[in-house]
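S.K.: quick one, structure for this:
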Amino acid sequence: MNRKISAIQEIYKEGKRRLENAGISEAELDAWYLFEHVTGISRAVYYGHPEREIREEEKERYFYYIEERKKKIPLQHLTGEQEFMGITFHVNRHVLIPRQDTEILAETALERIKAGMRILDMCTGSGCILLSLLKLCREKGITGTGMDISKEALLVAESNAKRLGIPAKFVKGDLFENAEPGKLFDMIVSNPPYIPTAVIGGLQEEVKLYDPYIALDGREDGLFFYRRIVRECVSFIKRGGYLIFEIGSEQAEAVMGLMEAAGYKDIGMKKDLAGLDRVVYGRYNGE
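M.R.: Here you go, the predicted model:
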């Protein structure tokens with residue numbers, strides 16, 4: 001008969017072992033996040049009192065999550081949350097999980113925000129980009145709108161806005177189809193679908209199986225939505241307004257070319273922490 005596992009150190013180590021055996025790349029970290037999520041036990045308590053025991057139902061719930069993570073279900077879908085720009089957002093299977101790379105987009109926008117700006121977040125998903133900008137620039141009196149084609153994603157964004165106490169408007173539509181006529185934005189930010197269709201099948205299982213396909217598929221060459229946004233946004237962006245995109249690591253030249261052809265100036269690119277092209281930005285010249 002197997003010895004009963006009851007001490008928190010034993011429980012956590014068993015969770016880590018199971019994830020390692022399942023080939024989870026960050027088994028140690030994921031096992032800890034799930035343990036902390038279920039028990040609320042801090043690392044200080046864990047290391048100070050490794051013999052402490054938890055309730056049987058907590059142990060069962062922890063190992064249930066471990067077994068789910070072994071199936072490559074994303075950690076964030078199990079905990080229901082992800083941190084972005086130092087803010088915790090609720091997420092589920094209807095939205096793209098906020099990633100650290102996208103913080104480069106938010107940081108690029110923050111560097112350019114001025115008081116009173118109107119901001120549009122196209123393909124808003126969980127709302128993490130827009131709501132981060134509104135929260136971090138609250139004293140500047142900026143306002144913002146998030147647009148998405150997915151009503152389920154917008155429910156997540158609205159829930160995040162309510163929970164964080166951030167006033168924001170969310171609109172359902174195919175890109176700009178339901179944008180308010182005559183209302184121009186000072187800044188448009190977007191992390192659109194940009195993975196070429198043929199590439200999606202080769203992505204990590206956590207991504208290709210559990211991220212919403214509609215948030216990944218950039219059509220044949222990955223540039224479908226960049227072309228549409230660059231072409232259509234000229235009716236909704238002020239002269240001198242900023243357009244800021246997250247891009248795939250090999251798309252900078254193409255997206256910068258689209259923006260230049262559409263009358264943008266001061267076009268530039270930023271790399272992520274891995275040194276890969278990640279953000280393209282420019283200002284609409286209107287000429």
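S.K.: helix, strand or coil: sort out the spatially closest residue to Glu205 that is not a sequence neighbour for me.
M.R.: Sequence neighbours aside, Lys72 is the residue nearest to Glu205 in space, at 4.1 Å (criterion: C-beta to C-beta, 6 or more residues apart in numbering). Glycine gets a C-beta too; all of them are placed from N, C-alpha and C. Taking DSSP: H, G, I helix; E, B strand; the rest coil as the rule, one finds Lys72 in the coil state.
S.K.: likewise for the one 10 residues further on?
M.R.: Here Gln82 takes the strand state, with states given by three-state DSSP.
S.K.: wait, it sits on Leu96?
M.R.: No. In this structure, Gln82 is not within contact of Leu96 by C-beta atoms under 8 Å, at 10.1 Å.
S.K.: what sits against Met259?
M.R.: 230, 243, 267, 280, 282 (C-beta atoms under 8 Å, 6 or more residues apart in numbering).
S.K.: other residues contacting stretch 274-284?
M.R.: Residues contacting stretch 274-284 (C-beta under 8 Å, 6+ apart): 101, 104-105, 108, 112, 233-234, 237-247, 249-252, 255-256, 259-260, 262-272.
S.K.: what segments of the stretch 151-287 of the chain are strands?
M.R.: 169-172, 185-190, 237-246, 264-271, 277-284 (DSSP state E, counting those that start in this stretch).
S.K.: of the contacts of stretch 274-284, buried ones?
M.R.: By neighbour count, with 16 or more other C-beta atoms under 10 Å, these hold 101, 104-105, 108, 233, 237-238, 241-247, 251-252, 255-256, 259, 262, 264, 267, 269-270, 272 as buried.
S.K.: what's the one helix or strand Trp32 maps to packed up against?
M.R.: Counting by DSSP states H and E, the element that carries Trp32 is helix 27-39. Contact partners of helix 27-39 among helices and strands, from 3 or more C-beta pairs under 8 Å, 6 or more residues apart in numbering; DSSP states H and E: helix 8-21, helix 56-70, helix 75-79.
S.K.: ok, which of these comes nearest Glu205?
M.R.: In terms of C-beta to C-beta, the element of those nearest to Glu205 is helix 56-70, at 11.3 Å.
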